[in-house]
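K.L.:
coords below, sequence missing:
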Ligand SMILES: Nc1ncnc2c1ncn2[C@@H]1O[C@H](COP(=O)(O)OP(=O)(O)O)[C@@H](O)[C@H]1O
Ligand SMILES: Nc1ccn([C@@H]2O[C@H](COP(=O)(O)O)[C@@H](O)[C@H]2O)c(=O)n1
């Protein structure tokens with residue numbers, strides 16, 4: 001397993017508290033969207049495991065996963081009372097603190113250490129007693145039902161994944177999870193699902209699938225897709241450690257391989273590694289696409305060949 005710790009440094013200009021010569025890591029930011037109980041957290045966990053990060057002390061991790069649930073906004077007393085009766089819509093975009101989510105992700109991209117509260121589903125509130133400290137990392141996964149909903153947040157991701165699990169399976173997983181782990185009773189879970197969760201999925205979450213670079217049918221069961229994504233992350237990190245600069249990410253994701261004279265030139269003129277990595281990745285994807293395991297949405301800049 002490669003050591004991701006040496007993957008990249010980004011020299012920041014003066015500002016945001018960074019000294020002129022501070023070398024900071026700017027992570028590869030991956031958004032993971034999908035309906036409730038589609039397997040977003042499980043997919044993130046598998047990616048971390050395959051990158052050898054799951055068992056590691058969190059202060060040492062080079063790959064971290066953050067939940068959008070930590071950015072639910074604080075409820076007013078009246079809203080809290082509604083939430084306790086299952087009458088608050090936690091699946092509507094207004095339930096989230098968009099500005100805090102945006103500024104936190106920006107700070108993460110600048111390589112700053114950030115602190116994120118965990119979320120307590122039993123009390124429907126943020127838990128500031130259990131704060132997750134996110135140290136500068138090489139890869140940050142940000143997962144949640146509406147991570148692609150807000151345009152300016154969507155634009156921050158280097159890679160966008162959508163976990164696509166059918167709604168019957170998701171409901172069948174959500175019911176026991178909410179009863180066993182989130183302190184709910186069956187009636188409340190089903191009422192909330194029919195009143196808020198299902199309609200909001202159709203209105204706000206499902207339409208964001210079109211923004212994904214990669215759609216993962218069946219979630220964590222799709223080991224082929226997960227292997228490929230992990231390989232892509234490794235290739236990116238290898239490429240970045242050779243050439244430095246997060247600027248290479250734009251090259252990596254948006255290169256038009258069919259364009260004559262496409263701008264392959266890396267800092268040292270040797271760009272064959274990047275080129276081959278993209279070719280290898282896209283060829284495998286094309287093959288898998290035919291098997292229906294894994295496919296790209298229509299990002300015209302991604303190389304299909
Ligand atoms: N492939 C799978 N097979 C069986 N159970 C799964 C699978 N993926 C997730 N689950 C279970 O379904 C529930 C929701 O999964 P989770 O990954 O937390 O979804 P999300 O993060 O999208 O809400 C959890 O209890 C989890 O253990
Ligand atoms: N107090 C809350 C907050 C959120 N929810 C539900 O959680 C779902 C999102 O989390 P997933 O892990 O399922 O993606 C969302 O559908 C909310 O309905 C809640 O029930 N209570």
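P.N.:
Happy to help now that I have it. What you see is a predicted model; the values in this text were computed from it and never measured. Ligands and ions are numbered 1, 2, ... in the order given.
K.L.:
So out of everything in the stretch 151-300 of the chain, what residue is nearest ligand 1?
P.N.:
residue 173 (3.5 Å; C-beta to the nearest ligand atom). Heads up, the C-betas are built off the backbone N, CA and C, glycines and all.
K.L.:
my hunch is that that residue is in a helix, does that hold up?
P.N.:
Yes: membership of residue 173 in a helix is supported by DSSP: H, G, I helix; E, B strand; the rest coil.
K.L.:
Tell me the spacing between it and ligand 2.
P.N.:
Residue 173 is 9 Å from ligand 2, where distance means C-beta to the nearest ligand atom, to the nearest Å.
K.L.:
so how far is residue 89 from that residue?
P.N.:
Counting by C-beta to C-beta, to the nearest Å, the gap from residue 173 to residue 89 is 21 Å.
K.L.:
Next, residue 133: phi, psi?
P.N.:
phi -90, psi 120 (degrees, to the nearest 10).
K.L.:
what about it, how many residues close to it?
P.N.:
11 (other C-beta atoms under 10 Å).
K.L.:
what's near enough to touch residue 43?
P.N.:
By C-beta atoms under 8 Å, 6 or more residues apart in numbering, the contact set of residue 43 is 32, 143, 161, 163, 216, 219, 220, 226.
K.L.:
What residues sit buried inside the particular helix or strand that has it in it?
P.N.:
Element membership for residue 43, per DSSP states H and E: helix 40-50. By 16 or more other C-beta atoms under 10 Å, the buried positions in helix 40-50 come out as 40, 41, 42, 43, 44, 45, 46, 47, 48, 50.
K.L.:
got the contact list for the helix or strand that it is followed by?
P.N.:
Using DSSP H and E, the next helix or strand after helix 40-50 towards the C-terminus is strand 63-67. The contact list for strand 63-67 (C-beta under 8 Å, 6+ apart) reads 4, 41, 44-45, 47-48, 51, 53, 58, 116, 119, 132, 134-135, 137-144.
K.L.:
So what's the residue count around the closest residue to residue 209 other than its chain neighbours?
P.N.:
Once flanking residues are discounted, residue 209 sits nearest to residue 162: 4.8 Å by C-beta to C-beta, 6 or more residues apart in numbering. Residue 162 has 26 neighbours, counted by other C-beta under 10 Å.
K.L.:
Wait, a strand at residue 162?
P.N.:
Yes: using three-state DSSP, the assignment for residue 162 is a strand.
K.L.:
ok, for the closest residue to ligand 2 within the stretch 201-305 of the chain, nearest residue in space, not its chain neighbours?
P.N.:
With C-beta to the nearest ligand atom, the shortest gap between the stretch 201-305 of the chain and ligand 2 falls at residue 201, namely 7.7 Å. Nearest non-adjacent residue to residue 201, counting by C-beta to C-beta, 6+ apart: residue 35, 4.9 Å away.
K.L.:
which phi and psi does the one you found have?
P.N.:
According to degrees, to the nearest 10, residue 35 has phi -70, psi 170.
K.L.:
Please report how far it lies from ligand 1.
P.N.:
To ligand 1, residue 35 is 7 Å away according to C-beta to the nearest ligand atom.
K.L.:
those strands in the protein, which residues are they?
P.N.:
10-11, 23-24, 28-34, 63-67, 114-120, 125-134, 139-143, 159-164, 214-217, 295-296 (DSSP state E).
K.L.:
Worst mean pLDDT among the ones you listed?
P.N.:
Among the strands of the chain, strand 10-11 carries the lowest mean pLDDT, a mean of 32.
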